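**Q** give me a model of this one.
(2 chains)
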Amino acid sequence: MSETQASEAGRVAAVLARYPRHDPGDLVNILHDLQAEFSYLPEPALRETAAYLGLPRAQAYGVATFYHGFHTEPRGEHTCTICMGTACHVRGAPRLLEQVERDTGVAAGGTAPDLSLNVEEVSCVGACAIGPLAIVDGETHGHMTPDGLSRLVAKLLKKDGPE
Amino acid sequence: MTVKLADPGALARHREALAAIRSPERSVIAVCVGTGCRANGAIDVYEALRVEVEARGGARDVESRATGCQGFCQGGPLLLLLPEGIVYQHVRVKDVPEIVEKTVLGGEIVERLLYVDPPTDLQCRREEEIPFYRHQQRTLLRDNGLLDPTSIDDYIALGGYSALSKALDMGPEAVLEEVKRSGLRGRGGAGFPTGRKWEACRKAEGELKYVVCNADEGDPGAFMDDALLEGNPHCVLEGMIIGALAMGAREGHVYVRQEYPVAVDRITHAIEQARELGLLGEAILGSELSFDLRVSRGGGAFVCGEASAMMASLEGRRGVPRRRLIHLSDKGLWGRPTNLNNVETWANVPQIVLKGADWYSSIGTEGSTGTKIFSLVGKVHNTGLVEVPMGTTLREIVFGAGGGVPGGKAFKAVQTGGPSGGCLPADKLDVPVDFDTLVAEGSMMGSGGMIVMDEDTCMVDVAKYFLRFLASESCGNCTSCRDGLAILHDLLGDITEGRGTRETIALVEELADTVEATSLCALGTSAVNPVRSTLRYFREEYLAHVDDKRCPAAVCKALIRFSIDAERCNGCTLCALRCPQDAIAGVKKQLHSIDQELCIKCGICKDVCNRDAVLVR
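**A** Numbering: from 1, shown residues only, chains lettered A, B, ... in the order given. Next up, the predicted model:
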């Protein structure tokens, strides 16, 4: 076992230790915690979790892939999420999504090959008053326009780019 | 270490002790940090207020308080100054010193922060003067502006948990009877009588029973449950504890949507506080009632709002609904008797116990009692949460509280009931909003989302939007739902992209019938409602798409073209500079033109033009 693998195993064990009852009902909660830890669900973590709860691996994998909230592939550093709730939709959210897809070449639900950016959709975050919304690295930007979003994302990606 | 409250008397004494140290004259600056205001910078305003109040040494007499959603999201960030009840809107950090100096210490109004009613130009100082609030009856939401949701003492000081004391005194049968007589119906969408559901669970055989709170608010455009959980979590908890007493449940779950991280934190914190005070756990308030709760996060699957899918999710499985030949009240979570109610339903329980079924059923209509919270969003002046008695008309909500459609645009439709609901046109505005009337009109109450649409909204596009959502949220179990919705979505795509004919519409209608008849759960059976209701009320718009290849609202890209109005264009070059396709030609101070071959109809030119010279037809 390599050093990275060992430290990953340690981090998985630390998460699992928060659920001492070995209750299969905690599976979704555990996957959330693991994802918070790794930003996605690495396969060894899913295997460990299944063993810990006494469940078939297929069940852990099935749950991880059924719910939209989980990712089984490594994630990009930044995330640009477009709210696709009904209120945002009628205020032009599809145009925002098209813009960011066009600008970055990353389709909704995808990650840039260089792991710089994830493009996500969400079906309402409850801030409809200031829609349409883009959420960039957790920060909500209201009354968004395609042009404004274009500049916002360009700024975000440039920050980490070569000088 | 907090001392557990030994009995209802100890709770009452604790409340009296709080009252003794909290003068009603004390100034409280309540900053709304609900989702909308938070996204608008309310946390910074709250921090600035704390610092300012502290700096002036007024911490003893003035309290700054971060509250949950106060409802009037349009005016966010919102400030409510108590005890006067003054409302300030659009408050920025730079306004904070002046608010503390003038209003809090000097009793003077900062006029520019007041709400001005557009039609009358009248300045409104207090909540009840603002039309948005004046048209409401806020029995559930009122406390959101008054308490710090992280403080159980704030809730207790306002009378919180006295309904639980009363319920323990009444006993389970009497509580159940009261809830039955109140006429309360489930706020999650289906409108099933809550009392009957409780009775079935109470009568079910089993040592261990569960009560579950459905906080998997998945309807896009609806955030009532989020506002209650974030803003007044103890009210929901108190409702659940009373429910556990009535049904004999020992354990419970709150199933919260993971997209609401603040709500998850608040309810988790509230549970811990309630446990410390002995309001959850063994022998609650010294009684025979033992009940405890856990929080489970959803995984971001809309279908988990369906009861049997939620049980599967709580058991650590994929959220696939099952046939419900046996009720949850007999075999629910882990095969045990289970009761599932929505957040708003639980939040109604304490006031029913406290004020009685007669009081509750005097509000609303005969078949739909009490108030209902709606999330009023979309093309409407006053976006926010509106709580009105059941039976209030759509007009009263959209035009009374909501202030109508902004920008001088014409009202086209209001969508109720979320993805399973329907779109109602202008001539249905005088329909009273209650469970049964909305269904009769081809829509439904749903959990309370209300999305206003104006002349710029294409109803075919809206129907396609909901189908896209539902097709992607289908669990995949039933062929008719999994494939049928995808095909319906494609057929609507044909219509919006100019390939549709009248036969396409006929096919849509036929397939809608099949999906409805052959899907197992409500996601599939009701998924066709948005298509049905738009076809019923806006058929001419569909026909314009198929017969004339025209989108009357100028939304559907394949059917519109962008051009520049020669009268209005002054050749400022702004559109040409911003066009991502370099599709706009023109030199300074001369008329510009758009190359239709290059144009991708992104609309940026229209957004940036200061002279409204970009035409879309």
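**Q** for whichever residue of the stretch 101-250 of chain B sits closest to chain A, grab phi and psi.
**A** Closest approach between the stretch 101-250 of chain B and chain A, counting by Cβ to the nearest Cβ: B:Phe223, at 3.1 Å. In this view, the C-beta of every residue, glycine as well, is placed from N, C-alpha and C. In this entry, B:Phe223 is assigned phi and psi values of phi -140, psi 30 (degrees, to the nearest 10).
**Q** may I have the secondary structure class of the nearest residue to it once chain neighbours are set aside?
**A** Sequence neighbours aside, A:Gly126 is the residue nearest to B:Phe223 in space, at 3.1 Å (criterion: Cβ to Cβ, 6 or more residues apart in numbering or on different chains). Using DSSP: H, G, I helix; E, B strand; the rest coil, the three-state assignment for A:Gly126 comes out as coil.
**Q** count of neighbours near residue 51?
**A** Chain wasn't specified; assuming chain A. Each residue near A:Ala51 was counted by other Cβ atoms under 10 Å in any protein chain shown, and the total is 12.
**Q** hm, I was asking about chain B
**A** Each residue near B:Val51 was counted by other Cβ under 10 Å, and the total is 13.
**Q** same deal with B:Arg125?
**A** Other residues within reach of B:Arg125 by the criterion other Cβ under 10 Å amount to 17.
**Q** check the one 5 residues further on too.
**A** B:Ile130 has 23 neighbouring residues, counting by other Cβ under 10 Å.
**Q** wait, it touches B:Tyr88, no?
**A** No: at 11.5 Å, B:Ile130 does not count as touching B:Tyr88 under the criterion of Cβ atoms under 8 Å.
**Q** sorry, back to before: show me the contacts for the residue of the stretch 101-250 of chain B closest to chain A.
**A** Residues counted as contacts of B:Phe223 (Cβ atoms under 8 Å, 6 or more residues apart in numbering or on different chains) are A:124, A:126, A:128, B:35, B:69, B:217, B:375, B:385.
**Q** for B:Gly231, see how far away the fourth one is.
**A** To B:Gly231, B:Thr35 is 10 Å away according to Cβ to Cβ, to the nearest Å.
**Q** identify the contacts common to the two.
**A** Common neighbours of B:Thr35 and B:Gly231 (criterion: Cβ under 8 Å, 6+ apart): B:Cys69.
**Q** from A:Val90, how far out is A:Gly148?
**A** Taking Cβ to Cβ, one finds A:Gly148 at 19 Å from A:Val90.
**Q** more neighbours, these two?
**A** The residue with more neighbours, out of A:Gly148 and A:Val90, is A:Val90; 28 against 15, by other Cβ under 10 Å.
**Q** show me chain B divided up by domain.
**A** Residue ranges of the domains in chain B are recorded as B:25-145, B:160-361, B:371-454, B:459-547, B:561-616, according to automatic domain parsing.
**Q** in CSV: those domains, plus mean pLDDT.
**A** CSV is the format used below for those (pLDDT from 0 to 100):
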stretch, mean pLDDT
domain B:25-145, 91
domain B:160-361, 95
domain B:371-454, 94
domain B:459-547, 96
domain B:561-616, 93
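**Q** same list (those domains) but as CSV, adding distance to A:Tyr40.
**A** What follows is the domains of chain B, written out as CSV (distance: least, Cβ to Cβ, whole Å):
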stretch, distance to A:Tyr40
domain B:25-145, 26
domain B:160-361, 14
domain B:371-454, 28
domain B:459-547, 20
domain B:561-616, 32
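**Q** show me what from the stretch 301-450 of chain B comes close to chain A.
**A** Contact residues (Cβ under 8 Å from any Cβ of the partner chain) of the stretch 301-450 of chain B with chain A: B:301-302, B:313-319, B:334, B:375, B:377-379, B:383-384, B:415, B:449.
**Q** from those residues, list the buried ones, please.
**A** Listed as buried from these are B:301-302, B:313-314, B:316-319, B:375, B:377-379, B:383-384, B:415, B:449; burial here means 16 or more other Cβ atoms under 10 Å in any protein chain shown.
**Q** in strands, which of the residues of the stretch 301-450 of chain B next to chain A appear?
**A** Using DSSP state E, the subset of these located in strands is B:375, B:377-378, B:384, B:415, B:449.
**Q** quick one: which of those is nearest B:Met170?
**A** The shortest gap between B:Met170 and any of these belongs to B:Ser375, at 33.6 Å (Cβ to Cβ).
**Q** and the residue nearest to the closest one when sequence neighbours are not counted, how far from A:Thr86?
**A** Computed as Cβ to Cβ, 6+ apart, the closest residue to B:Ser375 that is not its neighbour in sequence is B:Ala222, at 4.7 Å. With the distance defined as Cβ to Cβ, B:Ala222 ends up 9 Å from A:Thr86.
**Q** overlap of the contact sets of these two?
**A** Taking Cβ under 8 Å, 6+ apart as the contact rule, the neighbours common to B:Ala222 and A:Thr86 are A:124, B:449.
**Q** so where does the residue of the stretch 151-300 of chain B found nearest chain A fall, helix or strand?
**A** Nearest to chain A, among the residues of the stretch 151-300 of chain B, is B:Gly299, at 2.7 Å (Cβ to the nearest Cβ). Assigned by DSSP states H and E, B:Gly299 belongs to neither a helix nor a strand.
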